[in-house]
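Novice: show me how the following folds:
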Amino acid sequence: MSLDLLDLLKGHPELVLFLLLTVAYLIGNIKIGSFDIGAPPGMLIAGLIFGHLGLRIFPGIETIGLFLFLYAVAFQAGPAFFSVVLPEGNKYLSLALIATVTGFALTWICAVIFNFELGVAPGLLAGSLTSPAGVAAALEAARDKFASGRTQIPLETISSNISVTYALTYLVGDVLVILLARSLPGWLRFNLKTQAQLAAQEKHVPEEEGAGKRNWALTLRAYQLQNPDMVGKTVADIEEMTECSILRYKRGYGLIDFNLETNLQIGDRLAIWGMVEQQDLIDRIFGTEVADVELLGQKIVNAEVTITNPKVAGQTLEQLGITTNYACYLSRLSRAGVSLAINPALVIERGDLLTISGPQSRLDKLSDNIGYVERDVHSTDLVTFASGVVMGFLIGQIQIKIGDISIGLGTAGGLLFVGILLGYLRSIHPTFGRVPPATLWIFKQLGLLFFLAGVGVE
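Specialist: Presented below is the predicted three-dimensional model:
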């Protein structure tokens, strides 16, 4: 029995797509010194090779990929978009204008000198700036130009010129941007680490105290006091010494109400909740660990809480008092998908996502005061996600005509606009639109790779 692999692949575009993903990551993992190519350029290289061999994938897969990529990127940026744009928007806008105008000017000069065919110039501009949204806008403009009868050149020729030029220049642009980003600080004698620390201080994002050394494993244990040196100490004294929280207090045969001023006596039993790294210290202070079901009958839960209360935004973690006021522990804080170092001086912003562990009752009280608890952290609200893509597409079709010129956001602009808007609205009212970070990463990565696969193969 003989098997012609090339004929098999030509008859199964679904197999070609998965093989493209495999080859793209294999190429992307190739290291040259400390530099690796990455999966997106790897996909373009693989796509060009597969296309040359006559292999094809599903028609329209690049459009689906582009929709997923643009919307996911915008949705992730939404929570922090306005907090970044309002105070420093002029800087980012200036950088965007400089890059775009410079790229356009150089592209126009090349087009005049080399007399490019229709479609080559926009592909060159989008590829050199590594902009998937740019090539989408170019392809959309080509379709509009052909449909309006303003050109007699076949649409397939224009689209092919855009795609091929984009694919080739994207490879060069992506690699050169990475190399330039790595080399430019050294050329300008610019200490990137120092400047990053200064920028973090300006934005009230300090480094983590004892970064990399803190063990966030937590434990709930019960102890009976036998150390006479601790007699007369208050609950507040013990919590300060151990950096742990006392959840329940038992004297004699029953639980008692206690507060920070309650004095310890020999034989008292306490349920202590805190970090494992404090275990040896607690053993020395109390002496005997006990298996007391009544003390240990606490339901400890983990939850992700989104900051929505405007009164909390602007406070530091220390002012929020997650541990001191609520006997809960913060193990992770992310802002717009980026994990930040945990430091008491870190200023909280609306939309921040906090991963917190603690007793159910205390955690409920905390979440009522600061924000919203994600009950099902693994689910994805595909209704909102899919309808957001539809709304973005529809908004992109709206055009305003001024004479013979039509002005509009286009499909790419519509997707970016709706993605940012819904991402921001979710950060304020996180009762809808949940997309876990891992799912969002998959949408972005697969979306970009599907898009580049379609461009490369064609």
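Novice: so where's the stretch 201-350 of the chain shaky on pLDDT?
Specialist: Confidence mapping of the stretch 201-350 of the chain against pLDDT under 70 gives the ranges 202-216, 337.
Novice: just the helices in it please.
Specialist: For the stretch 201-350 of the chain, applying DSSP state H, counting those that start in this stretch gives helices covering 235-242, 279-286, 293-296, 317-320, 322-326.
Novice: by contact count, what packs against the helix or strand hosting residue 22?
Specialist: Under the criterion of DSSP states H and E, residue 22 resides in helix 13-28. Under the contact definition 3 or more C-beta pairs under 8 Å, 6 or more residues apart in numbering; DSSP states H and E, helix 13-28 sits against helix 5-10, helix 39-52, helix 437-457. Yep, even glycine has a C-beta here, placed from its N, CA and C like the rest.
Novice: now do that helix: distance to the chain's middle.
Specialist: How far helix 13-28 lies from its chain's middle: 25 Å, per C-alpha atoms, centre = their mean, to the nearest Å.
Novice: for the next helix or strand after it, which strands pair with it and how are they oriented?
Specialist: Following helix 13-28 in sequence order, the next helix or strand is strand 31-32 (DSSP H and E). Using DSSP bridges, strand 31-32 pairs in its sheet with strand 35-36 (antiparallel).
Novice: avg pLDDT for the strand it pairs with?
Specialist: The average pLDDT within strand 35-36 is 73.
Novice: make 56 the first number, not 1, from now on.
Specialist: Sounds good: first residue 56 from here, last item strand 90-91.
Novice: enumerate every residue touching residue 435.
Specialist: Taking C-beta atoms under 8 Å, 6 or more residues apart in numbering, we find residue 435 in contact with 489-491, 494.
Novice: go on, residue 72?
Specialist: Each residue near residue 72 by C-beta under 8 Å, 6+ apart is listed here: 112-113, 116, 505, 508.
Novice: 7 Å instead?
Specialist: For residue 72, the contact set (C-beta atoms under 7 Å, 6 or more residues apart in numbering) comprises 112-113, 116, 508.
Novice: and stretch 214-222, what's buried?
Specialist: 214, 216-222 (16 or more other C-beta atoms under 10 Å).
Novice: rounded mean pLDDT for it, please.
Specialist: The pLDDT scores in stretch 214-222 average 84.
Novice: list of residues touching it?
Specialist: Counting by C-beta under 7 Å, 6+ apart, 99, 103, 172-175, 177-179, 181-182, 190, 193-194, 197, 510-511, 513 sit against stretch 214-222.
Novice: redo the buried residues of stretch 214-222 as a markdown table? Include secondary structure and distance to residue 327.
Specialist: Below are the buried residues of stretch 214-222 laid out as a markdown table (DSSP: H, G, I helix; E, B strand; the rest coil; distance: C-beta to C-beta, whole Å):
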| residue | secondary structure | distance to residue 327 |
| --- | --- | --- |
| 214 | helix | 68 |
| 216 | helix | 70 |
| 217 | helix | 66 |
| 218 | helix | 64 |
| 219 | helix | 67 |
| 220 | helix | 66 |
| 221 | helix | 61 |
| 222 | helix | 61 |
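Novice: from these, pick the one nearest residue 405.
Specialist: Using C-beta to C-beta, residue 221 comes nearest to residue 405 of these, at 38.1 Å.
Novice: and the gap between residue 402 and residue 371?
Specialist: Separation of residue 402 from residue 371 (C-beta to C-beta, to the nearest Å) stands at 6 Å.
Novice: dihedrals phi and psi, residue 398?
Specialist: The phi and psi values for residue 398, taken as degrees, to the nearest 10, are phi -150, psi 140.
Novice: can you report how many residues lie near it?
Specialist: For residue 398, the tally of surrounding residues (other C-beta atoms under 10 Å) stands at 19.
Novice: again with residue 182
Specialist: Residue 182 has 28 neighbours, counted by other C-beta under 10 Å.
Novice: repeat that for residue 274.
Specialist: Residue 274 is flanked by 15 other residues according to other C-beta under 10 Å.
Novice: residues touching it, list them.
Specialist: Applying C-beta under 7 Å, 6+ apart to residue 274 gives the contacts 331, 334.
Novice: got it, and residue 292?
Specialist: Listed by C-beta under 7 Å, 6+ apart, the contact set of residue 292 is empty.
Novice: pull the CA atoms of stretch 272-280 into PDB?
Specialist: The C-alpha coordinates for stretch 272-280 follow below in PDB (Å, rounded to 0.1, in the frame of the first residue of the first chain):
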ATOM      1  CA  ALA A 272       0.800  28.500  50.300                       C
ATOM      2  CA  LEU A 273      -1.800  28.900  53.100                       C
ATOM      3  CA  THR A 274      -2.900  26.700  56.000                       C
ATOM      4  CA  LEU A 275      -5.600  26.600  58.700                       C
ATOM      5  CA  ARG A 276      -4.500  25.000  62.000                       C
ATOM      6  CA  ALA A 277      -5.700  24.700  65.600                       C
ATOM      7  CA  TYR A 278      -3.400  25.200  68.600                       C
ATOM      8  CA  GLN A 279      -3.700  25.000  72.400                       C
ATOM      9  CA  LEU A 280      -1.700  27.600  74.300                       C
END
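Novice: sec struct for residue 455, please.
Specialist: strand (DSSP: H, G, I helix; E, B strand; the rest coil).
Novice: who's in contact with it?
Specialist: By C-beta under 7 Å, 6+ apart, residue 455 lies in contact with 462-463.
Novice: where does the stretch 106-255 of the chain dip in pLDDT?
Specialist: Applying pLDDT under 70 to the stretch 106-255 of the chain flags residues 138-139, 141-142, 202-204.
Novice: residue 401 reaches residue 370, doesn't it?
Specialist: No - contact criterion C-beta atoms under 7 Å: residue 401 and residue 370 do not qualify, at 9.9 Å.
Novice: check which helix or strand covers residue 255.
Specialist: Using DSSP H and E, residue 255 sits in helix 247-257.
Novice: regarding residue 166, what is its secondary structure?
Specialist: Secondary structure, three-state DSSP: residue 166 is helix.
Novice: please name the nearest non-neighbouring residue to it.
Specialist: Computed as C-beta to C-beta, 6 or more residues apart in numbering, the closest residue to residue 166 that is not its neighbour in sequence is residue 176, at 4.3 Å.
Novice: since we're on that neighbour, how many residues are nearby?
Specialist: When neighbours are defined as other C-beta under 10 Å, residue 176 has 21 of them.
Novice: for it, give its distance to residue 221.
Specialist: Distance from residue 176 to residue 221, counting by C-beta to C-beta: 11 Å.
Novice: with residue 96 instead?
Specialist: Distance of residue 96 to residue 221, given as C-beta to C-beta: 13 Å.
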